[in-house]
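Asker: below is the structure, and that's it, no one-letter string:
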């Protein structure tokens with residue numbers, strides 16, 4: 001059963017390395033008016049014109065606010081309705097703005113939590129009895 005524990009821990013370590021590979025700058029933010037905030041999976045922070053936008057980053061547009069993102073492929077997407085948008089690279093001519101969605105950090109947290117719970121369940125199962133003890137008495 002130690003092998004399952006090691007496998008669960010290896011899965012957790014692999015999941016933690018995902019954010020390093022998933023982050024890619026895909027555009028630049030322009031705050032047109034009001035309050036606009038961004039998040040890469042943690043707390044939202046005030047954003048300003050010229051900020052880099054990464055794939056999967058969330059953009060929060062407040063009431064009476066607007067922003068636009070100029071993507072590296074030349075596409076410009078305007079965000080004028082209040083809400084939270086998960087930013088992804090649009091196909092030129094077909095802008096994509098999706099509200100909500102799971103961030104990379106949240107997904108990694110779920111995978112990590114599942115791996116830890118799986119390892120705990122294996123350890124709590126009692127199958128890890130040393131071979132020198134009898135199965136029954």
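Answerer: Ah, there it is. All values reported here derive from a predicted model rather than from experimental measurement. Residues are numbered from 1 along each chain as shown.
Asker: CA atoms for contacts and neighbours, from now on please.
Answerer: Noted.
Asker: show me what contacts residue 45?
Answerer: Counting by C-alpha atoms under 8 Å, 6 or more residues apart in numbering, residue 45 touches 37-39.
Asker: residue 83 versus that one, what's the distance?
Answerer: For residue 45, the distance to residue 83 equals 15 Å [C-alpha to C-alpha, to the nearest Å].
Asker: can you pull out the low-pLDDT segments for the chain?
Answerer: 1-23, 92-137 (pLDDT under 70).
Asker: rerun at 80
Answerer: 1-23, 91-137 (pLDDT under 80).
Asker: and the longest strand for it?
Answerer: Ranked by residue count under DSSP state E, the longest strand found in the chain is strand 25-33.
Asker: quick one: buried residues of that one?
Answerer: Neighbour-count burial for strand 25-33 flags 26-32 (criterion: 16 or more other C-alpha atoms under 10 Å).
Asker: just the contacts of residue 45 now: which is nearest residue 62?
Answerer: Here the nearest of the contacts of residue 45 to residue 62, counting by C-alpha to C-alpha, is residue 37; it sits at 8.3 Å.
Asker: for that closest one, give me its contacts.
Answerer: Applying C-alpha under 8 Å, 6+ apart to residue 37 gives the contacts 44-47, 59-61.
Asker: ok, now residue 64?
Answerer: Residue 64 touches 33-34, 82, counting by C-alpha under 8 Å, 6+ apart.
Asker: quick one, phi psi at it?
Answerer: phi 60, psi 30 (degrees, to the nearest 10).
Asker: state the distance from it to residue 79.
Answerer: From residue 64 to residue 79 the distance is 11 Å (C-alpha to C-alpha).
Asker: likewise residue 67?
Answerer: 5 Å.
Asker: shared neighbours of the two, anything?
Answerer: Common neighbours of residue 67 and residue 79 (C-alpha under 8 Å, 6+ apart) are residue 61.
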